[in-house]
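Colleague: Curious how this folds, go ahead:
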Amino acid sequence: MKMTLLASVCIFKGNKVLLLRQAKGESQEGFWGPPGGHADNEENPLKVAARETKEETGLDIEIKGLIRGGILVIPDGREYAFTFFLAKPEKWKEIVFPKNEISEYAWASLNDIKKGKYPLRKPFLMPGLLRAFEKKKIAPADVFVIQGSEEETPRV
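Modeller: This next block holds a predicted model:
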């Protein structure tokens, strides 16, 4: 079975992180999570993170680093490689979201996350969000540069 690549982005405004609520009719209706999604075709994690954030918020981002990554295996055999990035908007502007996918957004504090004020789409999101509040990167964004490629810096 083919592994699916997922990427999520933690964007902070002060000491609060951006969360998006899934719209009615979506598979995770009513649940919250950071901007993110799965790869289309052969996208790398940086491109997935940038594309999904742009689609879901209207924001262009600068990825600052990787805060968490791993492999998620679902009991039915599906496998996912996931990445959590710390990012900041290239320019702050009003968040605009597709109303057919996202019903609202919120800026959540660490206390909000810990107390479950915003029920998360999936349990694996919690450790990434908690680590994001520490703002400790485990790797810089350029860790995804392929050695020997023509590109020396990550492009999203």
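Colleague: Just to be sure, Glu55 is in a helix?
Modeller: Yes. Assessed with DSSP: H, G, I helix; E, B strand; the rest coil, Glu55 lies in a helix.
Colleague: and the residue lying closest to it once chain neighbours are set aside, how far is that from Tyr105?
Modeller: Ranked by C-beta to C-beta, 6 or more residues apart in numbering and with sequence neighbours excluded, the top spatial neighbour of Glu55 is Pro98, at 6.9 Å. Yep, even glycine has a C-beta here, placed from its N, CA and C like the rest. According to C-beta to C-beta, to the nearest Å, Pro98 and Tyr105 sit 12 Å apart.
Colleague: same thing with Phe31?
Modeller: Taking C-beta to C-beta, one finds Phe31 at 13 Å from Tyr105.
Colleague: Which neighbours do these two have in common?
Modeller: Common neighbours of Phe31 and Tyr105, counting by C-beta atoms under 8 Å, 6 or more residues apart in numbering, are Arg21.
Colleague: Report how many residues lie close to Leu6.
Modeller: By the criterion of other C-beta atoms under 10 Å, Leu6 has 22 neighbours.
Colleague: who's it bridged to?
Modeller: Leu6 has the following beta-bridge partners by DSSP bridges: His38, Phe82.
Colleague: Cheers, nothing more for now.
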